[in-house]
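Next input, structure requested:
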Amino acid sequence: MGGFIGRIIEVDLTSGEIGHTALEESLFRSYLGGAGLAARIFRDRVSPEVEPLDPDNLLIVMAGLLSGTSFTGTGRFSVAARSPLTGLWGEGNCGGSFGPALKFAGYDGIVFRGKADKPVYLFIEGDTVELRDASHLWGKDTYQTHEWLESNLAEGKSVRSLTIGPAGENLVPLACMVNEMGSVIGRCGLGAVAGSKNLKTIAVRGGGKVAYADPEKAKELNKELVEKLKKSLLADTLHELGTNGALDSGMLSGDVPIKNWSVGEWLEALDTLNSFYYNDHILVKIVGCYACSVRCKRVVKVEEGPYAMQEHAGPEYETVCMMGTNLMNPSLEAVAKVNDQCNRLGMDTIAMGGVLAACMEAQERGLLSKEESGLDFSWGNMDAALEAVRMTAYREGFGERMAVGSRRLAESLGAPELSVHVRGLDFPAHDPRGFHGYGLGYAMGTRGACHLNSVNLLVEGGMASWPEIGLKGPFTGMTSKGKAELTWKALAVGQVFNSLPMCEFIGAFLNLTDEVEMIRATTGWDDFTLDEMMECGWRIWYLKRLMLNAWGSGANDDVLPPKALTPTKEGANAGSVPDMERMRSELYELAMLDEEGRPKPEALEKYGL
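Have a look, this model is predicted:
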């Protein structure tokens, strides 16, 4: 057998005890790893009464079946816990090299429980797994921390890290975890969970390899997949333009958030925010995650001016929108600067962008004065935005109110409609008024509004076509007809991608049968089928749905916020809103949910839950 190690690290931060737990093969066959296996472990061990910042909340770091293999697009891993931002299931996954390094060190994952009595970090190298003092690192930003790890622990080898910044230390619910310099576990405030445990960073030196059940088959398959990607126009575009290449097409199709989701078009912004400007003015080089043949990540530098920054990770599409168009800010240099600041302080740019947009609209509407906030939240004022980010990370002044996230901030201002969220998680930068199925995916996602929990974005947005499961495009965005069936399948595929874990872009450029072949070659499960993979996805979705229900979230939260149901007056999506009542009713039937949004017994029996 190959792919999985069958062993995770157990860390009790309260006692300092470290142990190992063996995992049965059947768990991987049912949940694949990553976010799926993390959810199974969490539900088995954690009572619904445990609060997000309680010591008994588990923080789970989990690789997957394909992490550390040579297959392109598989250099990912997941982190999960109960979210301090939403109070519900929280998960994130990212690329980089940390997940593969954990597998190379001989482990599928790490489970943290308890709280250390002082700042610590976990060091992993083979059988050496140690908690070490991190008092000297507490207060440092994420980049400074990784630089220290490299300087003091490398010893001629690569050190891979997963780190929190000051925002996580200060228990800000927007806090993220940063993999080295620029790959981010961004959503759900999981950095605050690490901070509540006094866990500053995890450092891994992995020297092993991931075994394949059939090495020759894996080698030949990977060659075929790389050749397929070389011939893909979409893959080539992603390499040349990065994720921000979606901005132009998104603006023309009604996908881009503008002025806190209240305007349908802002064409002038394309002049200085699109990827051609990006490549010409701030791009230094293109890099990639572990084992990726496409390589879409950007390294940027702003040479001079008020937003000058050193050479570091550049902003992705989501950040360009949430810190650009949604704030009426046309300066890409300012976006790059605030992205760098959020990465260093360890904060989610999507959630922080939602907070800033709410503040700007609140000031415009007379709900928030400059005297109350201490800042001038005029639209596009990025000097104020940068200071607001700093204040939020350190909970200084008005930063204490911003730190709780846009939903609770908007409620405190008496205008809950200022926050554009589902279940307390801010919308990503994709508008369901332009693509109705996105809205259903957000409402039925397992962590709130998310473009990764469900792959509607890939299918409905035109990047992927999977006739093998009945999803053959193109699909019309501005219609609600047929979107329930599309979304039900997209939810399953999203869970699979987040559990293998697999880059969703690479997954979009390949067939789903390609992932099945990867699993077969890696694990030796020669009888593993596409149907079984989809069943894994639905099983994982139901498992997470059960946890949402246990926390009191069901049909009451399967809704979109007012702004998403208010038509814009201009642009491609003018006059269009999703028919949520129709789509949700149809999906409830497909998913076998009752009127309260709970899985019926026959659904649980079907998937072994």
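
Would you tell me which helix is longest in this protein?
Ordering each helix of the chain by length in residues (DSSP state H) puts helix 530-550 first.

ok, then the element right after that one?
The first helix or strand that comes after helix 530-550 along the chain, using DSSP states H and E, is helix 580-591.

Tabulate the CA atom coordinates of that next one in CSV.
Listed next in CSV are the C-alpha coordinates belonging to helix 580-591 (Å, rounded to 0.1, in the frame of the first residue of the first chain):
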residue,chain,number,x,y,z
MET,A,580,-32.7,30.8,-3.7
GLU,A,581,-36.0,29.4,-2.7
ARG,A,582,-36.2,27.2,-5.9
MET,A,583,-32.6,26.1,-5.8
ARG,A,584,-32.5,25.3,-2.1
SER,A,585,-35.8,23.3,-2.3
GLU,A,586,-34.4,21.2,-5.2
LEU,A,587,-31.1,20.6,-3.4
TYR,A,588,-32.8,19.6,-0.2
GLU,A,589,-34.6,16.9,-2.1
LEU,A,590,-31.4,15.7,-3.8
ALA,A,591,-29.5,15.7,-0.5
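
who touches the helix or strand following that helix?
The helix or strand immediately downstream of helix 580-591 is helix 601-606, counting by DSSP H and E. Residues external to helix 601-606 that are found in contact with it (Cβ atoms under 8 Å, 6 or more residues apart in numbering): 542, 546, 591-593. The C-beta positions use only the backbone N, C-alpha and C, and glycine is treated the same way.

Measure how the longest helix of the chain sits relative to helix 580-591, angle-wise.
120 degrees (axes from the mean of the first three to the mean of the last three Cα atoms, to 10 degrees).

Packing partners of helix 530-550?
Other helices and strands packing on helix 530-550, by 3 or more Cβ pairs under 8 Å, 6 or more residues apart in numbering; DSSP states H and E, are helix 25-31, helix 34-45, strand 89-94, helix 483-499, helix 512-523, helix 601-606.

and of these, who's closest to Gly195?
strand 89-94 (13.9 Å; Cβ to Cβ).

quick one: strands adjacent to that closest one?
If you go by DSSP bridges, strand 89-94 pairs up with strand 77-82 (antiparallel).

For the strand it pairs with, give the mean pLDDT please.
Mean pLDDT, strand 77-82: 98.

Whichever of the contacts of helix 601-606 end up buried, select them in ChimeraX.
Of the contacts of helix 601-606, the buried ones go into a single ChimeraX selection, burial set by 16 or more other Cβ atoms under 10 Å:
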select :542,546,591,593
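
Out of the contacts of helix 601-606, which comes closest to Leu199?
Leu546 (27.7 Å).

Which parts of the stretch 151-300 of the chain are helices?
166-169, 190-196, 215-230, 233-241, 246-253, 270-273, 275-281 (DSSP state H, counting those that start in this stretch).

mind checking which of those is nearest Thr14?
Set against Thr14 and scored by Cβ to Cβ, these come closest in helix 190-196, at 12.2 Å.

Just put the helices and strands packed on helix 530-550 in JSON lines and tack on mean neighbour count.
As requested, those are exported to JSON lines (neighbours: other Cβ atoms under 10 Å):
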{"stretch": "helix 25-31", "mean neighbour count": "18"}
{"stretch": "helix 34-45", "mean neighbour count": "24"}
{"stretch": "strand 89-94", "mean neighbour count": "28"}
{"stretch": "helix 483-499", "mean neighbour count": "26"}
{"stretch": "helix 512-523", "mean neighbour count": "22"}
{"stretch": "helix 601-606", "mean neighbour count": "13"}
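
Spatially, what comes nearest to the residue sitting nearest the centre point of the chain if we skip its sequence neighbours?
Centroid-nearest residue in the chain, with Cα atoms, centre = their mean: Gly92, separated by 4.3 Å. Distance criterion Cβ to Cβ, 6 or more residues apart in numbering; nearest residue to Gly92, sequence neighbours excluded, is Ile185 at 3.8 Å.

for the one you found, what are its contacts?
Residues in contact with Ile185 (Cβ under 8 Å, 6+ apart) are 79, 92-94, 162, 176-179, 191.

Verify the stated contact: Gly380 with Pro330.
Yes. Between Gly380 and Pro330 there is a contact at 7.2 Å, judged by Cβ atoms under 8 Å.

More neighbours: which of those two?
Pro330 (18 against 15; other Cβ atoms under 10 Å).

For the longest helix of the chain, give the mean pLDDT please.
Rounded mean pLDDT across helix 530-550 is 98.

Once you drop chain neighbours, what's closest to Asn511?
Glu468 (6.3 Å).

Could you double-check that that neighbour sits in contact with Asp514?
No. The pair Glu468 and Asp514 does not pass the contact test of Cβ under 8 Å, sitting 10.1 Å apart.

List the buried residues of the longest helix of the chain.
Quick answer for helix 530-550 (16+ other Cβ under 10 Å): 533-550.

related to what we said a few turns ago, and Gly314, which of the helices and strands packed on helix 530-550 is closest to it?
Closest to Gly314 of the helices and strands packed on helix 530-550, according to Cβ to Cβ: strand 89-94, at 15.2 Å.

which is the next helix or strand following that closest one?
The first helix or strand that comes after strand 89-94 along the chain, using DSSP H and E, is helix 98-104.

Report all helices and strands that that next one contacts.
Counting contacts by 3+ Cβ pairs under 8 Å, 6+ apart, helix 98-104 is packed against strand 77-82, strand 160-163, strand 199-204.

name the element the spatially most distant residue from the centre of the chain belongs to?
Largest separation from the mean C-alpha position in the chain: Glu371, at 35.1 Å (Cα atoms, centre = their mean). Here Glu371 sits within helix 370-373, counting by DSSP H and E.

For that helix, C-alpha coordinates in PDB please.
The C-alpha coordinates for helix 370-373 follow below in PDB (Å, rounded to 0.1, in the frame of the first residue of the first chain):
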ATOM      1  CA  LYS A 370     -14.200  59.600  11.800                       C
ATOM      2  CA  GLU A 371     -14.100  60.500  15.400                       C
ATOM      3  CA  GLU A 372     -15.500  57.100  16.500                       C
ATOM      4  CA  SER A 373     -13.100  55.100  14.400                       C
END
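
Check which helices and strands it is in contact with.
helix 349-364.

Report the mean confidence score over the helix it packs on.
Helix 349-364 comes out at a mean pLDDT of 98.

what about the strands in the stretch 351-500 of the chain?
Here the stretch 351-500 of the chain has its strands, by DSSP state E, counting those that start in this stretch, at 421-422, 425-426.

Look up the pLDDT of Met1 for me, please.
pLDDT, read off for Met1, is 69.

next one: Val210
Value for Val210, per-residue pLDDT: 94.

and it, what is it in contact with?
So Val210 contacts 2-3, 67-69, 100, 103-104, 522 (Cβ under 8 Å, 6+ apart).

same deal with Arg395?
170, 172, 403.

Please name the residues that touch the residue lying closest to Gln363 once chain neighbours are set aside.
Excluding the flanking residues, the one nearest Gln363 by Cβ to Cβ, 6+ apart is Phe377, at 4.2 Å. Residues in contact with Phe377 (Cβ under 8 Å, 6+ apart) are 356, 359-360, 362-363, 368, 370, 384, 388.

Please report how far Phe377 lies from Thr145.
According to Cβ to Cβ, to the nearest Å, Phe377 stands 31 Å off from Thr145.

Among the contacts of Phe377, give me the pair with the biggest separation.
Leu356 and Lys370 (14.8 Å).
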